[in-house]
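Enquirer: sequence-free structure coming up:
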């Protein structure tokens, strides 16, 4: 029952809202302070009148202050509240995926993905690498010390079924077609189940399927030819032209097909052929026709049909859909990839068909069709339980805390419960007892007897014997209920019942499935709304003096013109007395109305105290020559209330409070700014103005808070190298990089690099390997693996802040604090300026001699020496900066003389000599400086370490984007060549022998290629296609006498074929190999730069962090 809304007779008021309380308190203060001079406190007394009116005005202030917070902040909340640091739960509580469960949630949130699993890779993903302790290097040749990069994952997806295309996790297609039975002279409907190659087989043989799967491909009309239909047990026989008996239909048959297609449907006449050999298929005739022979011609016609929904068109469509789904999943994973982690392979989960057979005792009134559908449904749910998305309101009603609901990655289709996702793992065993426990709960079931499980292999054959207790599943396989081979016999009162009506069973089963499989999305709001308030004119004010009786003459009406000057003076005197109180009251309302500005994340908001100027618009005749004051302005009033320095300090304190709410602090950074001048390049003098530090702190804190949802959620997220534009885009940054830039107060366009060593791992045999330091006796603990969980941070050491060693130490502490604890971060402070040279050839010496030679009066050289040095240094710094910017914007191409001269001309107007030199230098000095600088800088691009690394890093990103994930590994191709050779010669070799030999042959050639690439000249050499083929041929030294010991005897003809295979494999890989080698070399040559004043011993009494000259990122 709803309570009636009433107005309380005696409302409870706060003291600031209680007029009588305020009046009484005022009288008490008056008595205490003025009782010796004032004893009349009656209502008629003017002092009491003033007290009463001020108390009444104060109740209005108390009333407005008591508004709800959302009413006080109504204006910024109406715009989303983010300017106040009010981020919604979905933005501030959710995080990028971090755990395996988080990544599973991200994948399950994708359309058509039902479940997903990630597994740590325990063997090499692309190519095997080994540690050679004798040489202290990594090698491709096999040793007892394999190096397996950690942080790699295999990803398996369970994709949702499609009503027409079936299960996307296998290549199986079910197709209903009609055929004519001559014996009975009638047309019957038959189910045809074809097991086309699934994605796993397609991927292994991708070169065969590549053009078939192109987005522009299309089947040729009537372009399918059946070359053979045979028994699975006798694939060499051909049944085309005859009939197949009912007995033969109990086992699968095989069909061989030739499929003609156009790689590009817009280009006719470019047909290609895809051959599918021995594709298994099974025919499931209706029970009434299960004893009749079937004409094979009808099967041939069905396979050769190329209409819209024919088998081959459906298969082509299915493979394309699978490829697109896998691409979407891969993109989603790389968009949220963690630092020093990567994905080896994303593929559909392998499935196993499991048939269930049992005898079922039913109650007399049970509906057989409904019971059978429920049994199938319960078995499916046991095999593969469905994961359910929940709505926000639903979880709140369950009593889950908000922080628990939003813990994990933000999803588009609702919320997944962590415990349910973790429980939905791939099964290793199926237990009949678990199935029986579920089935006996089905309405109408009395008992389950003789339940057995039967596995069917990839060809559709039963793997006997059936299992009555426990069925072990294959490794990382998911069970699928094989409806067509499952059989349930029903009994009522021990009397057998006729088989159920299958169409009715199917309809009920589909209804049960649709009820259980909740649609993704449709759960309403997935975020808590931003509170909204009622907007009030908080600053609106009615002057107290306008409330006085008219006899006082201070109201809006004023005094009559004929009153005496004394009376006018008395009125003005009272107005002046009241102005003090009026100003306090309007200032209070101004502060209240602007309270949202105190926590504003706008760095231009520098005030914390707010005032309101009382002018003639508020109180008549209050200003000007006829008023109470002249010369007072709103700006002067603001300055009286708060200076700019005080405002900056208080605003910084407010933002520090905001930071503390998110567990962040800028204390150490602030102390450093107070100690060192960020605007100077010299060694750490105290700041002349506190205001400069406060302004910088305010801007840095505001920037950090504005982006705190992203930089908090993405703190462990890596750069997305898989999707364009890849590593070449400066805006494509890691979460760590973004966070460091803000924590260190660097400009937003600052470029620094977080280099994951895992991205430098070899993708193809022959790539340069990272250097390592190994003991000859192989006693190491992780040193042999330079790729796993290691980062190198390439930082711009030439920036003014980074010229102070204390700030560098602070930055290094921040790097180690912000880097995930399991990662090892190496820091390199890289320079980015021209090589200064030595002795008389040094650029500063050259510039100084130019300036000295252009003095009008050479006798003033000693007087102007310091000024000349400063001017030379100024020009060098300015030209350095212009050069490095032009080098980047010009896509790292060498700068010509014309470009260098243009840079000088653009700098000249803003870099004239100082006043003391302006009259001392000749007019021709600019031309001489131009000649000196352009001549010296020409061809000096290699001096700019940071830019060179940036160029190499971007180039490697381009090569990573161009990698073909489906290209067969070289070892597999060599193994296939070996298998073909021994098949031709008739020699039998074990598969493990072929595998070991292929790996050894490929590794031997790869090491020769790697040694060639290790030479710096070969990393830069430009080779034409013919020259590259010749170089690849020259590197091949394998022969019958120079063959790995793991290989059996091989003739010279085989090595000729092997050479041709290797040359063809590496034919287009020169850019990849050279780009990777240059990057590794550039990274290895990076040296930390230090300010000149620190290139000595440690400071007196300080033995921490001594400077090590010429240290590279390797140490």
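Expert: Perfect, I can see it now. Bear in mind the structure is a predicted one, so any value in this text is a computation, not a measurement. Numbers count the residues shown, from 1 in each chain.
Enquirer: quick one, domains of this structure?
Expert: 1-66, 171-308, 350-387+424-495, 839-943, 953-1085 (automatic domain parsing).
Enquirer: those: which one's closest to residue 817?
Expert: domain 953-1085 (24.2 Å; C-beta to C-beta). To be clear about C-beta, it is placed using only N, CA and C from the backbone, and glycine gets the same treatment.
Enquirer: at which residues are the strands of the stretch 1001-1115 of the chain located?
Expert: Remark: no strands are assigned in the stretch 1001-1115 of the chain by DSSP state E, counting those that start in this stretch.
Enquirer: now residue 608: closest residue in space that isn't a chain neighbour?
Expert: In space, and not counting its chain neighbours, residue 608 is closest to residue 650: 3.8 Å by C-beta to C-beta, 6 or more residues apart in numbering.
Enquirer: right, and residue 207 touches residue 972 too?
Expert: No. Judged on C-beta atoms under 8 Å, residue 207 makes no contact with residue 972 at a distance of 11.1 Å.
Enquirer: could you pull out the helices for the stretch 301-450 of the chain?
Expert: 311-335, 368-383, 392-397, 402-405, 418-423, 432-439 (DSSP state H, counting those that start in this stretch).
Enquirer: can you lay out these as JSON lines showing distance to residue 938?
Expert: Shown next, in JSON lines, are the helices of the stretch 301-450 of the chain (distance: least, C-beta to C-beta, whole Å):
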{"stretch": "helix 311-335", "distance to residue 938": "41"}
{"stretch": "helix 368-383", "distance to residue 938": "72"}
{"stretch": "helix 392-397", "distance to residue 938": "64"}
{"stretch": "helix 402-405", "distance to residue 938": "61"}
{"stretch": "helix 418-423", "distance to residue 938": "61"}
{"stretch": "helix 432-439", "distance to residue 938": "79"}
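Enquirer: tell me which of the ones you listed sits most buried.
Expert: Mean neighbour counts were compared across the helices of the stretch 301-450 of the chain using mean count of other C-beta atoms under 10 Å; the top stretch is helix 368-383, at a mean of 21.
Enquirer: by contact count, what packs against that one?
Expert: Packing contacts for helix 368-383, counted by 3 or more C-beta pairs under 8 Å, 6 or more residues apart in numbering; DSSP states H and E, involve strand 350-362, helix 432-439, strand 477-481, strand 487-492, helix 502-516.
Enquirer: tally of neighbours for the closest residue to residue 708 other than its chain neighbours?
Expert: The spatial neighbour of residue 708 that comes closest, neighbours along the chain excluded (C-beta to C-beta, 6+ apart), is residue 662 at 5.6 Å. The tally of other residues near residue 662 (other C-beta atoms under 10 Å) stands at 15.
Enquirer: got it, and residue 338?
Expert: The burial count for residue 338: 22, using other C-beta under 10 Å.
Enquirer: burial count for the closest residue to it other than its chain neighbours?
Expert: Nearest non-adjacent residue to residue 338, counting by C-beta to C-beta, 6+ apart: residue 716, 5.4 Å away. By other C-beta under 10 Å, 22 other residues sit near residue 716.
Enquirer: measure residue 716 to residue 118 for me?
Expert: Distance of residue 716 to residue 118, computed by C-beta to C-beta, to the nearest Å: 16 Å.
Enquirer: same thing with residue 785?
Expert: Counting by C-beta to C-beta - residue 785 and residue 118 are separated by 21 Å.
Enquirer: need the contact list for the residue nearest to residue 608.
Expert: Contacts here follow C-beta atoms under 8 Å, 6 or more residues apart in numbering; on that basis residue 650 touches 608-609, 642.
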